[in-house]
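In: Here's a sequence, model it:
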Amino acid sequence: MIQAGHSRFGEMEFWKPGLPRPPWISVAPGKCRRDPLAWQREVTETMTAEPHGPSTVAPFLAVPDKTPRAIRAALLPEEVGDFDREFRAVMAEATETLDLTVVTSFIERWWRVAWSSADAAVHRAMLDQADRLTRGEEVPTRSWAETKARLGL
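Out: Below you'll find the model as predicted:
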């Protein structure tokens, strides 16, 4: 079960049960803190590098830097060729148009690919499933209800 409350801006916020309610969240709407820095003071006072307890969730994937070199290094070997080809094309376009928008879009998109590549087996399985869907094959899926139940939501 996920707990919910309202942020100081009146938006819904959620946190895991068993953890203390974040100080910037009020359980009752309209009762939000008025001191915008209160949560920072409270969070830094209680912050620790030690884990709160055993986690059943896998650790976060390492996030590569948003540089072409770091992104390329984080990619799977089979994706490096596509990255290189597109990088050369994007740089040529930016040189001709004097517009770096295409370069920043390229970096953002490939950064996401590099981040998801951190777990190579899962990333390859996702690529395989996408290829099968593109070919029109039947791919087993889970319903939203099954997914929520599996995640304990």
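
In: Just the pLDDT at residue 148, thanks.
Out: As predicted, residue 148 sits at a pLDDT of 87.

In: Which helix or which strand is home to it?
Out: Assigned by DSSP states H and E, residue 148 belongs to helix 144-151.

In: hmm, who's touching that helix?
Out: Contacts with helix 144-151, where a contact means CB atoms under 8 Å, 6 or more residues apart in numbering, come from residue 142. For every residue, glycine as well, the C-beta is placed using N, CA and C.

In: What are the buried residues along it?
Out: Using 16 or more other CB atoms under 10 Å as the test for burial, helix 144-151 gives no buried residues.

In: again with stretch 101-121
Out: Residues 106, 107, 110, 111, 113, 114, 115, 116, 117 are the ones in stretch 101-121 that count as buried (16+ other CB under 10 Å).

In: Just name the shakiest helix or strand of this structure by mean pLDDT.
Out: Across the helices and strands of the chain, mean pLDDT, DSSP states H and E gives its lowest value to helix 38-46, namely a mean of 47.

In: Now whichever helix or strand comes after it: average pLDDT?
Out: On the C-terminal side of helix 38-46, the nearest following helix or strand under DSSP H and E is helix 68-74. Averaging pLDDT along helix 68-74 yields 94.

In: low-confidence ranges in the protein?
Out: Applying pLDDT under 70 to the chain flags the ranges 1-61.

In: Counting residues, what is the longest helix that it contains?
Out: Longest helix in the chain, counting residues (DSSP state H): helix 77-97.

In: next SSE after that one?
Out: Taking DSSP H and E, what comes next after helix 77-97 is helix 101-116.

In: what comes into contact with that next one?
Out: 61, 63-64, 66-68, 70-72, 74-75, 79, 83, 86-87, 90-91, 93-94, 122-123, 126.

In: CA atoms only: put it into CSV for me.
Out: The C-alpha coordinates for helix 101-116 follow below in CSV (Å, rounded to 0.1, in the frame of the first residue of the first chain):
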residue,chain,number,x,y,z
THR,A,101,18.9,21.5,-31.3
VAL,A,102,19.3,18.3,-33.2
VAL,A,103,22.5,17.5,-31.2
THR,A,104,20.8,18.1,-27.8
SER,A,105,17.8,15.9,-28.9
PHE,A,106,20.2,13.2,-30.1
ILE,A,107,22.1,13.2,-26.8
GLU,A,108,18.9,13.1,-24.7
ARG,A,109,17.5,10.2,-26.7
TRP,A,110,20.7,8.1,-26.7
TRP,A,111,21.3,9.0,-23.0
ARG,A,112,18.0,7.2,-22.2
VAL,A,113,19.1,4.2,-24.3
ALA,A,114,22.5,4.1,-22.5
TRP,A,115,20.8,4.3,-19.1
SER,A,116,18.4,1.4,-19.9
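
In: Thanks a lot, see you next time.
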